[in-house]
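> Dropping a prediction and its sequence here:
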Amino acid sequence: EAVAGYSTEYAYNGNRATVTNSHEVEKTSVSASKVWNDEDNRDGIRPASVKVQLLANGSAYGEKAELSADTMWEHTWQNLPKNANGVAITYTVVEDAVEGYTQAYSTDVTGKLVITNTHVPERISFSATKVWDDEDNRDNARPENIVLHLMANGEHMQELFPNGNYKATVTADDNWAHSWENLYKYRNGKETVYTVMEEAVAGYSTEYAYNGNSATVINSHEIEKTTVTASKVWDDADNQDGIRTSSVQVQLKADGKAVGEPVTLNETNSWFCQWDNLDKNEGGKQIASCVKDDATQENIENMIKANI
């Protein structure tokens, strides 16, 4: 009588018959695909290929398969036995370790085995510090704030990512410093070069110095200078009484404090003296300059000219 799932053949030899029942062993196929969760290989560390081992009930079955972009990161094992000892075989896969990635295994709705490799892109911070080269704001030219733009490979980050916060207004309350956090270290597999650009500061030149992920923005201001001249005028009818001294000493003072040594005025220097390259301001205010006659300690009035 017929045996379900088998075909029957007969062979005879004299008074002996051989009945052969044949069953076609069930076959199956297993497919696996690779998913990369690495922001489109932002850090550039994705390998060219990976190797995947098929497992049958937890044991290696056959040779490893190589998956790559050329294979669309997929592979199918064909003509696999479906059962062993009457029980369905459980097929799984295991991937050789991929440096820099974690691995997760799942099965999609079609039964395909999915290997997900995850790499979290590296992040960094970038800071900028302001240095004022202006003799402690001597001329009171320093602004209340500055504006810094973060740049990535020479491009304005704020323009690349309008919803970001890559333009910073910095003040003394911030200690003239700012830090941008959680920045991607790489883009398209190449390390991003971060720099800063400062909006022009009136009266200052700007230089930049970099050390790793930090920048120093140096603003230099040329200190305003002035000239003071003094001349001695004698109102004595051309020394009619013959009592004019042969020389006088005068002292330049700035806000009441002596500047340098006393200077002798006489006929040789035409009773004239000039002080050049003097600071015009102190603490943001104009310095009050005067010249005193050492003998009388009186200001030489109407004789001081400031070339400001």
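Yep, it's here.

> Where does D43 sit: helix, strand or coil?
coil (DSSP: H, G, I helix; E, B strand; the rest coil).

> Check it and give its pLDDT.
pLDDT recorded at D43 is 96.

> residues in contact with the spatially closest residue to Q158 that is not a sequence neighbour?
The shortest distance from Q158 to any non-neighbouring residue, by Cβ to Cβ, 6 or more residues apart in numbering, is to Y166 (4.4 Å). For every residue, glycine as well, the C-beta is placed using N, CA and C. If you count contacts by Cβ atoms under 8 Å, 6 or more residues apart in numbering, Y166 has them with H149, L150, H156, M157, Q158, W180.

> can you list those residues in JSON lines and add distance to N57 and neighbour count?
Output for these, formatted as JSON lines (distance: Cβ to Cβ, whole Å; neighbours: other Cβ atoms under 10 Å):
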{"residue": "H149", "distance to N57": "61", "neighbour count": "17"}
{"residue": "L150", "distance to N57": "55", "neighbour count": "23"}
{"residue": "H156", "distance to N57": "58", "neighbour count": "14"}
{"residue": "M157", "distance to N57": "53", "neighbour count": "21"}
{"residue": "Q158", "distance to N57": "57", "neighbour count": "16"}
{"residue": "W180", "distance to N57": "53", "neighbour count": "20"}
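
> from those, which ones fall inside strands?
Among the contacts of Y166, the members falling in strands (DSSP state E) are H149, L150, H156, W180.

> Identify, from those residues, the entry nearest to D235.
H149 (64.1 Å; Cβ to Cβ).

> Just give me the neighbour total for the nearest residue to the closest one once chain neighbours are set aside.
Leaving aside its chain neighbours, H149 sits nearest to M197 (4.6 Å; criterion: Cβ to Cβ, 6+ apart). Residues near M197, counting by other Cβ atoms under 10 Å, number 17.

> Helix, strand or coil: sort out M197 for me.
At M197 the chain is in strand, as set by three-state DSSP.

> now W275, nearest residue through space, not along the chain?
Spatial nearest neighbour of W275, excluding adjacent residues (Cβ to Cβ, 6+ apart): V228 at 4.7 Å.

> before we move on, which element is that neighbour in?
Secondary structure from DSSP states H and E places V228 in strand 225-231.

> how far is that strand from where the chain is centred?
The chain centre lies 49 Å from the centre of strand 225-231; the measure is Cα atoms, centre = their mean, to the nearest Å.

> Given that strand, what are its sheet partners and their directions?
Strand 225-231 pairs in its sheet with strand 272-279 (antiparallel), strand 304-307 (antiparallel), by DSSP bridges.

> By mean pLDDT, show me the worst of these.
When the strands paired with strand 225-231 are ranked by mean pLDDT, strand 304-307 comes last with a mean of 37.

> picking up where we left off before, which residue in the ones in strands among the contacts of Y166 has the weakest pLDDT?
The lowest pLDDT within these belongs to H156, with 92.

> which ones are touching the closest residue to that one other than its chain neighbours?
What sits nearest to H156 in space, not counting adjacent residues and going by Cβ to Cβ, 6+ apart, is H149, at 5.8 Å. When contacts are counted by Cβ under 8 Å, 6+ apart, H149 is found next to H156, M157, Q158, Y166, K167, V196, M197, E198, E199.

> of those, closest to T28?
Nearest member of the contacts of H149 to T28, counting by Cβ to Cβ, is M157, at 52.7 Å.

> Please tell me how far the closest residue to that closest one other than its chain neighbours sits from Y105.
Computed as Cβ to Cβ, 6+ apart, the closest residue to M157 that is not its neighbour in sequence is Y166, at 3.6 Å. Using Cβ to Cβ, to the nearest Å, Y166 is found at 39 Å from Y105.

> can I assume N117 is in contact with Y101?
Yes. Between N117 and Y101 there is a contact under Cβ atoms under 8 Å: 4.2 Å.

> shared neighbours, those two?
Listed contacts common to N117 and Y101 are D38; contacts here mean Cβ under 8 Å, 6+ apart.

> ok, which stretches of the protein are helices?
157-160 (DSSP state H).

> Where does pLDDT dip in it?
Residue ranges of the chain with pLDDT under 70: 284, 287-308.
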